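>>> 3D, please:
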Amino acid sequence: MDSMTFGRVTVTLPALDEPGRYLSNVTSLDSARGIVQDFQYGDADLRALDLSDISLITGRVRGLRADRVRLDKVRLDSVEFDTCDLATARITDSKLSRVVFRNCKIMGAGLTGVALDNVLFENCKLHYASFEQVRATGPVAFSKCVLTEATFTGCDLTGVVLDACTLRLAEFGPGKYQDLDLRGNDLTSMRGVAHLAKVIIDRAQQAELAEALIA
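Now for the predicted structure:
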């Protein structure tokens, strides 16, 4: 099973290319059965994507563009999103396990009450995204993502890694941030740094955090 390591965290990736596995092309991510499995979906331009009480298991979503995205009580397990435009997406009360968002636009998105386990955001645009009551229940990494003016409120980001991300005016409200790995990022313009107790930083970043605290 493939994985990627960022600092102290190793994220297990979706197992989509194993020998003998076949992904069937589907025309919709919705199903009356409440489950879509072993699927491939993409190159779709939708006005809205509304999913509720459904499980998407073992699949690839590529080139999806949706003006409005609403995912409520959705389970994503071993799913990859590649080069998708999911701007202003709203994801609530859902669980994501072994999920990758790669080269995606998720600007202005809102994640509320979401559990993340082995989830990777890679090279994604998350400007103005809001994370509320989001819990890292397993390995989670943001790699080379833009999180300009993103907000984190009431989140448990214990052990999460932010790797080479843009954090300009990103705001961290009250929450749990023990062992949040911030090495390799510019921290000078972050907000809410007083809440970032017991995070992991390089020695040189101590001055950056001090500058952010003063600002």
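>>> Pull the contacting residues for the closest residue to F172 other than its chain neighbours.
Leaving aside its chain neighbours, F172 sits nearest to G192 (3.9 Å; criterion: Cβ to Cβ, 6 or more residues apart in numbering). Yep, even glycine has a C-beta here, placed from its N, CA and C like the rest. Neighbouring residues of G192 by Cβ atoms under 8 Å, 6 or more residues apart in numbering: 152, 171-173.
>>> now swap in G138 and tell me
Neighbour list for G138: 97, 116-119 [criterion: Cβ under 8 Å, 6+ apart].
>>> so which of those would you say is closest to K105?
Nearest to K105 out of the contacts of G138 is V119 (Cβ to Cβ; 17.3 Å).
>>> Report the rounded mean pLDDT for the helix or strand containing that closest one.
V119 is part of strand 115-122, with elements assigned from DSSP states H and E. The predicted model gives strand 115-122 an average pLDDT of 98.
>>> neighbouring strands for it, and are they parallel or not?
Sheet pairing of strand 115-122 (DSSP bridges) gives strand 95-102 (parallel), strand 135-136 (parallel), strand 140-143 (parallel).
>>> tell me the most buried of these?
Highest mean neighbour count among the strands paired with strand 115-122 (mean count of other Cβ atoms under 10 Å): strand 140-143, with a mean of 24.
>>> tell me the contacts of L126?
106-107, 109, 142, 145-147, 150.
>>> farthest pair in those residues?
M107 and F142 (14.4 Å).
>>> for the contacts of L126, which one is nearest R203?
So of the contacts of L126, ranked by how close each gets to R203 (Cβ to Cβ), first place is F142, at 22.4 Å.
>>> Now do K144 against E171, distance only.
20 Å (Cβ to Cβ, to the nearest Å).
>>> Looking at those two, which is more packed in?
Using other Cβ atoms under 10 Å as the criterion, K144 and E171 rank with E171 on top: 17 against 13.
>>> How about the contacts made by the residue nearest the centre of the chain?
Note on the chain: the residue nearest the mean C-alpha position is F121, at 4.7 Å, using Cα atoms, centre = their mean. For F121, the contact set (Cβ under 8 Å, 6+ apart) comprises 101, 104, 106, 141-143, 145.
>>> picking up where we left off before, compare the strands paired with strand 115-122 and give me the one nearest S55.
That would be strand 95-102 among the strands paired with strand 115-122, by Cβ to Cβ, at 9.4 Å.
>>> Beyond the closest one, next helix or strand please.
strand 110-112.
>>> Give the pairing partners of that next one; include direction for each.
strand 90-92 (parallel), strand 130-132 (parallel).
>>> Measure how far it is from the centre of its chain, please.
In this view, strand 110-112 has its centroid 10 Å away from the chain centroid, taken as Cα atoms, centre = their mean, to the nearest Å.
>>> Equivalent analysis for stretch 196-209, please.
Taking mean C-alpha positions (Cα atoms, centre = their mean), stretch 196-209 and its chain are 23 Å apart.
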